[in-house]
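S.K.: please find the sequence and the predicted model below.
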Amino acid sequence: MANANGLFLSLGIDKSIPASSDRGEFFSDVIRSILFVDLVKPGRIVCSLSVSPYVLNMCNTLHGGAVALVSEKMAIACAKTVVGDKELFLG
């Protein structure tokens, strides 16, 4: 139990979340700051992703949540190149 507690404390679990990151669109803003659009065609988007320290996990690889958020944003953007500004139902 002490080892687990020490691990969580070393990760900063006892620190509060900064006010600047405690808002609904914070993670979307972070992803937009590292994702760069290279090409847009109907049904196709090509982007570059610049991996920054704030989207890394403790193993120094891209955090799974960042992967999921990029995937979701890209899928929606790609769909919108085909259907336009219509509302998309994502279930």
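M.R.: Done, it's in.
S.K.: point out where this structure drops to low pLDDT.
M.R.: Scanning the chain for pLDDT under 70 picks out 17-18, 20-27, 90-91.
S.K.: now do 80
M.R.: Along the chain, segments meeting pLDDT under 80 span 1-30, 88-91.
S.K.: which residues touch the most centrally placed residue in the chain?
M.R.: Nearest to the geometric centre of the chain sits Ala66, at 3.3 Å (C-alpha atoms, centre = their mean). Neighbour list for Ala66: 30-31, 55 [criterion: C-beta atoms under 8 Å, 6 or more residues apart in numbering]. No exception for glycine: its C-beta is placed from N, CA and C like everyone else's.
S.K.: can I get those in a markdown table with neighbour count?
M.R.: Listed next are those as a markdown table, based on neighbours: other C-beta atoms under 10 Å:
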| residue | neighbour count |
| --- | --- |
| Val30 | 16 |
| Ile31 | 18 |
| Val55 | 21 |
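S.K.: reformat the residues you listed as JSON lines; add distance to Leu88.
M.R.: Output for the contacts of Ala66, formatted as JSON lines (distance: C-beta to C-beta, whole Å):
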{"residue": "Val30", "distance to Leu88": "23"}
{"residue": "Ile31", "distance to Leu88": "18"}
{"residue": "Val55", "distance to Leu88": "25"}
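S.K.: so can I have TSV of those showing secondary structure and distance to Met1?
M.R.: TSV is the format used below for the contacts of Ala66 (DSSP: H, G, I helix; E, B strand; the rest coil; distance: C-beta to C-beta, whole Å):
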residue	secondary structure	distance to Met1
Val30	helix	34
Ile31	helix	36
Val55	helix	31
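S.K.: pick the one among these closest to Ala77.
M.R.: Ile31 (11.5 Å; C-beta to C-beta).
S.K.: so the closest one touches Val67, yeah?
M.R.: No. Using C-beta atoms under 8 Å as the test, Ile31 is too far from Val67 to be in contact (10.3 Å).
S.K.: residues near the closest residue to Ile34 other than its chain neighbours, how many?
M.R.: Among residues not flanking Ile34 along the chain, Ser50 sits closest, at 4.9 Å (C-beta to C-beta, 6 or more residues apart in numbering). Neighbours of Ser50 under the rule other C-beta atoms under 10 Å: 9.
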